[in-house]
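*Asks:* Using only what follows, build the 3D model:
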Amino acid sequence: MAKQELKYEDAVHQLETIVEKLEDNELGIDELSTELKKAQQLIKLCKDKLTKTDVEIKKILDNE
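*Replies:* Numbers count the residues shown, from 1 in each chain. Below you'll find the model as predicted:
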């Protein structure tokens, strides 16, 4: 996965696509490892974005 800035919504969509492929048994054994690593990176990215947004929201609310 490129180090470009990926939107949260795009990351979630990619995760949903990976899950669909897993559920439909569309991934071969060679693809499985690659897709799971990609999913792991996407989950971390989403978690980091949610955490950052939570901190920003709390700062905004504290300044009121």
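*Asks:* and the nearest residue to I43 once chain neighbours are set aside, how many neighbours does it have?
*Replies:* Across the structure, with CB to CB, 6 or more residues apart in numbering as the measure, the residue nearest I43 apart from its sequence neighbours is L15 (6.9 Å). To be clear about C-beta, it is placed using only N, CA and C from the backbone, and glycine gets the same treatment. For L15, the tally of surrounding residues (other CB atoms under 10 Å) stands at 16.
*Asks:* For this structure, give me the ranges with low pLDDT.
*Replies:* Judged against pLDDT under 70, the low-scoring parts of the chain cover residues 1-4.
*Asks:* got the residue ranges for the helices in it?
*Replies:* 8-23, 29-62 (DSSP state H).
*Asks:* if you compare the ones you listed, which one is most tucked away?
*Replies:* Each of the helices of the chain was given a mean neighbour count from mean count of other CB atoms under 10 Å, and the largest, a mean of 13, is that of helix 8-23.
*Asks:* Extract the C-alpha trace of it and format it as PDB.
*Replies:* Extracted as PDB, the C-alpha positions of helix 8-23 are listed here (Å, rounded to 0.1, in the frame of the first residue of the first chain):
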ATOM      1  CA  TYR A   8     -11.000   7.100   6.000                       C
ATOM      2  CA  GLU A   9     -13.900   6.200   3.800                       C
ATOM      3  CA  ASP A  10     -11.700   4.800   1.100                       C
ATOM      4  CA  ALA A  11      -9.800   2.700   3.600                       C
ATOM      5  CA  VAL A  12     -13.100   1.300   5.000                       C
ATOM      6  CA  HIS A  13     -14.300   0.500   1.400                       C
ATOM      7  CA  GLN A  14     -11.100  -1.400   0.700                       C
ATOM      8  CA  LEU A  15     -11.500  -3.300   4.000                       C
ATOM      9  CA  GLU A  16     -15.100  -4.200   3.000                       C
ATOM     10  CA  THR A  17     -13.900  -5.500  -0.400                       C
ATOM     11  CA  ILE A  18     -11.300  -7.700   1.300                       C
ATOM     12  CA  VAL A  19     -13.900  -9.100   3.700                       C
ATOM     13  CA  GLU A  20     -16.200  -9.800   0.800                       C
ATOM     14  CA  LYS A  21     -13.500 -11.700  -1.000                       C
ATOM     15  CA  LEU A  22     -12.700 -13.700   2.100                       C
ATOM     16  CA  GLU A  23     -16.400 -14.500   2.700                       C
END
